[in-house]
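1. Give me a 3D structure for the following:
(chains A and B)
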Amino acid sequence: MQPIQTTSLVEYLSPLRLVGPLAVKELRVASRRRRQYALRFLYIAALTAFVGVVWLGVVPYEGNASLVQSRMAAAGQRIVTTIVFFQFFAMQILAIVLLSSAVSDEIYHRTLGILMTTPINSLQIVMGKLLSRLLQLILLLALSLPMLAIVRVLGGVPWGYLLSSLCITLTAAIFAGSLSLLFSIRNRHAYGVIIRTMFTLACLYFVLPALFGFTAAYLFSRAGVNLGSRAGAMMVLGPIVVSLNPISSMAAITSRMFSPSGPSMFSLSVHCAFMLSLSALVLGRAMTIVRRVALRQAVGIADCGSRIADLRGKANPQSEIRNPKSGSVRRVVGPPLVWKELRAPFIQGIDSRNSYIGLAMAIVGLVFTYLVGAQSKSLTEDFTHITYVMLFVFIGGLINIVFSATRITTEKESQAWPLLLATPLSDWDILLGKAVSAFRRCLPIWGLLAGHVLLFTLAGYIHPVAVFHLLALVTWLTCFLTGSGLYFSARFARTTSAVVASFALVIGLWVIGPILAGLMGVMGGKNDVLATYLWSHPAVQTQLIMTGATGAQNAGTSWRSLRYATAAVFHTGREEMNVGRVTCLLMAIAVAYILAGLFFFWRAKCCLRRRIF
Amino acid sequence: MIEIKKLTKTFGSLVAVDHLDLFIGAGDIFGFIGPNGAGKTTTMRILVTLLEPTYGAAFIDGLDVGKKGKEVRRRVGYMPDFMGVYDDLKVFEYLEFFAAAFGIEYAKRKAIVDGVLELTDLVSKQDALVDSLSRGMQQRLGLARVLIHDPKVLILDEPASGLDPRARIEMRELLRELKRMGKTIMISSHILSELEEICDRIGIIEHGKLVFSGTLEEIRPRLGLQSKVRVKVLGEGIRAMELLSVLPQIQSVEVMASQPSSSGLSGEGPGSTLLVTFKEGQMADGLIARTLVNGGVDLLSLQPEQLKLDDAFLQLTKGIVH
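-> Residues are numbered from 1 along each chain as shown, chains lettered A, B, ... in the order given. Here you go, the predicted model:
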């Protein structure tokens, strides 16, 4: 028999052999998508905005040329650092987003099973998906290289720093992307993948080191280890911890650039090798399960997204048999849509029991941090409670954004939306049900916030006025984020688009907005532009509320004597404000946001019956 | 019951439905057929208020679907060509949810859900999760959902797709039962032979335009087809041909086939089949029988040739597609 085709040396050595035709297809499709070009434009625009702000902050807008000249080297270092950190975080976020639908899209379109009937193997599927999407990220990195090269001319930035940061960014992005790809095999919704990946990375990069630090501090204090011995131990443990964490690694090389004579606690090669090994492990796992998932799909078990379904499938591969009869049928009581939304598990694909276990673990973790805080006497400090409340508000806001933006699009994707719209339920009934559903998902985190604030109010660490202020903050935040999320969910057909649009709104309002306000203030010579804008920022409001109401001194003060250090929060304006004035301002902002939220609800109602299919 | 007037729907430059006029009477089963992309689903989606018409109007039970959406939805049961499922809901819960959505009182819901479960033979699956059902079961569940609020009008888009032969027969029987209950049913399907058996009237749509609407019998003159009869006689058929050719109502007679006697027994000589074509507007089976018997020919059978819906569909849509 004649050989069909002879492989040339070039073809044999081509990296495309590793990734197979899937990568070629992915690249071809990507080149036709307008969103790729929009992404590049937005990336450059955001990078330019950040650099612009740093430039204006370092180099005086007005002044003589020699003063400007003298600041160039410092400006160069600050700008390069900004670009490098921007790239570092942006690359990881983009890697997570781009790979969040890598395999789930194939499952959604039922093409994964078909792929498995071709000679394409699991390695080619996984690597094809990973590399084709990472290539988009490398293009973005390349786009910022000219800016780095130009800024480097200003001096003060060694080549080593640029190369090291590039390596750390790339390996971190590969790891984040690999995790996202792995989760996309198990989860049918991109937003679910994004949340899981972010949560896992947060655990790896923040929670684990924090737990390590807390535990070490606790054990040292219990064992009565003196400060010298603690420093010695940290000299040994420090480099290990830093080398295993890309954020610490980035911080370590940056601090070394600013103070080259300081001690080095970081090894680039160890870090890169560790991150690549971790990525290889994750990808290996992805290769193992992608075939299993594909085969299950090919034999007709459609739902590959749910872990519960997966476990049921393991017990018996027949779809009819994986159908459990356990648990009783629940009767529909009250408004049907509200009932349905309350009936659903907290997180899609994770049954309620696991959600409660997760909540219980979170409470145990929280209590553990209280114990450690009590041991180190930090619970009486303002900073501790500002951090706690800020964290709760941040997580609550995040959950609210995601779940509001997914309420309608998930029904569109599961094709149940037209069935619902074909019933006589009014548009407001439907929106109310969806809003209740989104709020219900946020309840655990708001419950934790309420528990924390009430506990420490009763303990005398937080003034009771903070309860009312935080209630107002949570109310407007919920109303605004739910309204905007539902609007985008009604407006878009795909969940990922709705979630991205919701995040874009929030980032625009609370990240880009302050930057632009700052720029306008600097250019116009008016610092109060930024300060006025920041009043509407939830993080700044949280800081203001907690700064004025926490601490041993404030907590025991009468309502009339309470003073809020607004100058410390906004860095401008009046030194202090009394509780009445702060309350009025907070309420006015709350009303404005609630009205904006209601406007979004109305817009959601207007486009509820558009783009149904 | 369903009236469509000059209905037009465009998506950008694409005209999905083009000045469609249609009337379906109360209690009728109306088969809506057409090639892929002809505009069937778009028309149905407009009727169930999921799409707004660009121009024209549609009425169900006298209600304008564009203006009285909520009232229309109470009267219509819509089964789309896909099965929208809610994860984590069981069959009973799924049906009760829609019963509640249609405003059925709590006290009556259980009995109604039990009734439709029985009607669609899903009682044994009532505790099963909806997304774990097989395709055929999901189709049944879709039909059960459609019936939950006892609508006057059923709009069913490809209800038999994905069903096995037994389930199709059961579905057909169910539709006949629903017709007996007085429901008006508009049904689209690609399985034309099934529509042929259950539909009172059919509509053929192509490129958004209705190319035919009426009964199958009404298609023949629309296609310019003459009636034909297949005549089987004993012997070679020459005599029969001579007798029939002279009749004024008959246009042509042609011998289709002659076959020898299988057994060779007396009285069972070789048989012949003749295809008799009547002149347009003429049909006289009795005259043929009388003429042949009087002429001494042994008539074995006389069978009017049926027009198949598949043939009508092919002929009506042939040529319009560029």
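2. Distance of the closest residue to residue B:214 other than its chain neighbours relative to residue B:63?
-> In space, and not counting its chain neighbours, residue B:214 is closest to residue B:201: 6.1 Å by Cβ to Cβ, 6 or more residues apart in numbering or on different chains. (C-beta placed from N, C-alpha, C; glycine too.) Distance of residue B:201 to residue B:63, given as Cβ to Cβ, to the nearest Å: 22 Å.
3. can you check residue A:465 too?
-> 57 Å.
4. What of residue A:533?
-> 52 Å.
5. More neighbours: these two, which one.
-> residue A:533 (21 against 18; other Cβ atoms under 10 Å in any protein chain shown).
6. was I right about the more buried one contacting residue A:511?
-> No: Residue A:533 lies out of contact with residue A:511 (Cβ atoms under 8 Å); the separation is 11.8 Å.
7. Now the helix or strand containing residue A:126: buried residues?
-> Using DSSP states H and E, residue A:126 maps to helix A:122-152. Using 16 or more other Cβ atoms under 10 Å in any protein chain shown as the test for burial, helix A:122-152 gives A:122-134, A:136-137, A:140-141, A:144, A:147-148, A:151-152.
8. tell me the contacts of residue 172?
-> Assuming you mean chain A. Residues near residue A:172 by Cβ atoms under 8 Å, 6 or more residues apart in numbering or on different chains: A:88, A:91-92, A:246, A:275.
9. that's the wrong chain, I wanted chain B
-> So residue B:172 contacts B:194, B:197-198 (Cβ under 8 Å, 6+ apart).
10. Let me know the pLDDT of the closest residue to chain B within the stretch 501-613 of chain A.
-> Across the stretch 501-613 of chain A, the shortest distance to chain B (Cβ to the nearest Cβ) belongs to residue A:612, at 5.6 Å. As predicted, residue A:612 sits at a pLDDT of 79.
11. in chain B, which spans are helices?
-> Secondary structure of chain B, counting by DSSP state H: helices at B:40-47, B:69-75, B:91-101, B:106-119, B:135-147, B:165-180, B:192-198, B:216-223, B:238-245, B:285-294, B:309-317.
12. Not counting residues beside it along the chain, what's closest to the residue most central in space within chain B?
-> Central residue of chain B (Cα atoms, centre = their mean): residue B:195, 2.5 Å from the mean position. Using Cβ to Cβ, 6+ apart and skipping residues adjacent in sequence, the residue nearest residue B:195 is residue B:31, 3.7 Å away.
13. Spit out the contact partners of the one you found.
-> Counted by Cβ under 8 Å, 6+ apart, residue B:31 has contacts B:187-189, B:195-196, B:198-199, B:201-203.
14. Tell me the one of those residues nearest chain A?
-> Once Cβ to the nearest Cβ is applied, the member of these that ends up nearest chain A is residue B:188, at 15.5 Å.
15. what about that closest one, distance to residue A:246?
-> 57 Å.
16. before we move on, what about residue B:91?
-> 49 Å.
17. same check, this time on residue A:114
-> 37 Å.
18. So for the two, which residue has more residues nearby?
-> When residue A:114 and residue A:246 are compared for neighbours, residue A:246 comes out ahead with 25 against 13, by other Cβ under 10 Å.
19. can I assume that one is in contact with residue A:275?
-> Yes: Residue A:246 is within contact range of residue A:275, at 6.6 Å (criterion: Cβ under 8 Å).
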